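> just a sequence and a predicted model for now, questions to come.
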Amino acid sequence: MRPLLRQALILLVLAAIPALISGFMHRELFDDPSLAGDETTWAQVYAWQREAGAATSQPRILLIDARPSESHAASHAPGALPLNPAHWEQQLPAIIEELGRAAETRVVVYCDDALCDTSRTVAERLQRELALTNVFVLKGGWRAR
């Protein structure tokens, strides 16, 4: 009986190690109580996208990349449109056109990382200038994936 118990404990420890590593690597998937009211996570964005794809009554998701145009051109989230303060007047019409396609749209603004405030600046400006109410800032930015 003892060898069987020892083997079971060894298997349990061996299974727990990768599970803990995976949990640590994907910690953003868990609810984050430190989110402000206008912040969201990639996990929530993915959940909203699944809901929007499954039911036509769900709000659409519009991702806005607030990083510099060069960063957006190099790489961005699929479907994200660029909108940064330096090119606001040139980039805003595409955002307005996209917003006009669906009455209810969740807007998620991201920039590089948690130290970047540009996403918050863009989100606040969208709320102020376009009177949008469903605007969220991606916590941790683009790199929080």
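Sure, I can see it. Numbering: from 1, shown residues only.
> for this structure, what are the low-confidence residue spans?
1, 8, 12-16, 18-33, 54-59, 102-103, 145 (pLDDT under 70).
> I'd say T121 and A86 touch.
No - judged on Cβ atoms under 8 Å, T121 makes no contact with A86 at a distance of 11.2 Å. Backbone N, C-alpha and C define where each C-beta goes, glycine included.
> compare these two (neighbour count), which wins?
T121 (16 against 10; other Cβ atoms under 10 Å).
> now do the contacts for the more buried one.
Counting by Cβ atoms under 8 Å, 6 or more residues apart in numbering, T121 touches 66, 85.
> ditto for L138
39-42, 45, 108-110, 119, 144.
> I'd like to know which of those are buried.
Listed as buried from those are 39-42, 45, 108-110, 119; burial here means 16 or more other Cβ atoms under 10 Å.
> among those, which lie within strands?
39-40, 108-110 (DSSP state E).
> and those as CSV, adding distance to V137?
CSV is the format used below for these (distance: Cβ to Cβ, whole Å):
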residue, distance to V137
E39, 5
T40, 7
V108, 8
V109, 6
Y110, 8
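> which SS state does I64 fall under?
Assigned by DSSP: H, G, I helix; E, B strand; the rest coil, the conformation of I64 is strand.
> Q44 versus that one, what's the distance?
Remark: distance between I64 and Q44 (Cβ to Cβ, to the nearest Å) = 16 Å.
> go on, R106?
Applying Cβ to Cβ to R106 and Q44 gives a distance of 10 Å.
> who's more crowded, I64 and Q44?
Between I64 and Q44, counted using other Cβ under 10 Å, I64 has the larger neighbour count: 26 against 20.
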